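Engineer: Have a look at this prediction, sequence included:
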Amino acid sequence: MYRNAGGTGPQVVINSQLYANLEYRRATDTFHQWQDARCVYGLHFASKEEAIIFGTGMDKALVTVNNAGAAPQLERPCVV
């Protein structure tokens with residue numbers, strides 16, 4: 001299972017499970033978004049370069065998840 005989790009210091013500001021057939025979208029060069037059954041997640045990047053690095057990592061993780069088959073989506077509260 002892959003998760004997209006991050007934050008500032010000890011505070012988690014995003015925590016999202018990556019699952020098969022998740023729709024990941026680059027809305028603009030510096031804003032990317034995806035959603036699960038409970039939340040819509042969006043990240044704004046300070047630069048196109050940061051967005052490219054993050055997007056490439058998401059693409060690789062989603063290929064791995066999709067090739068492994070469908071994993072059940074876990075119920076959990078959104079952390080935003």
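Structural biologist: The structure has been received and is ready for your questions. Not measured: the values here are computed from a predicted model. Numbers count the residues shown, from 1 in each chain.
Engineer: Low-confidence stretches in this protein?
Structural biologist: By pLDDT under 70, the weakly predicted segments of the chain are 1, 69-80.
Engineer: what about 80?
Structural biologist: Within the chain, the set of residues satisfying pLDDT under 80 comprises 1-2, 4, 6-9, 12-14, 36-37, 69-80.
Engineer: now the strands for this protein?
Structural biologist: Counting by DSSP state E, the segments of the chain that form strands are 2-8, 11-18, 24-28, 31-35, 40-44.
Engineer: Now tabulate these in JSON lines and tack on mean neighbour count and distance to Ile53.
Structural biologist: For the C-beta atoms, the positions are set from N, CA and C on the backbone; glycine is no exception. Below are the strands of the chain laid out as JSON lines (neighbours: other C-beta atoms under 10 Å; distance: least, C-beta to C-beta, whole Å):
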{"stretch": "strand 2-8", "mean neighbour count": "13", "distance to Ile53": "13"}
{"stretch": "strand 11-18", "mean neighbour count": "15", "distance to Ile53": "16"}
{"stretch": "strand 24-28", "mean neighbour count": "13", "distance to Ile53": "13"}
{"stretch": "strand 31-35", "mean neighbour count": "16", "distance to Ile53": "11"}
{"stretch": "strand 40-44", "mean neighbour count": "14", "distance to Ile53": "12"}
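Engineer: In a markdown table, list these along with distance to Ala51.
Structural biologist: Putting these into a markdown table (distance: least, C-beta to C-beta, whole Å) gives the following:
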| stretch | distance to Ala51 |
| --- | --- |
| strand 2-8 | 14 |
| strand 11-18 | 15 |
| strand 24-28 | 7 |
| strand 31-35 | 6 |
| strand 40-44 | 8 |
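Engineer: Ala68: which of these is closest?
Structural biologist: The closest of the strands of the chain to Ala68 is strand 2-8. By C-beta to C-beta, the value is 9.5 Å.
Engineer: Note down every partner strand of that closest one and its orientation.
Structural biologist: Strand 2-8 sits in its sheet next to strand 11-18 (antiparallel), going by DSSP bridges.
Engineer: Now do the partner strand: distance to the chain's middle.
Structural biologist: 8 Å (C-alpha atoms, centre = their mean, to the nearest Å).
Engineer: cool, stretch 25-39 as well?
Structural biologist: 8 Å.
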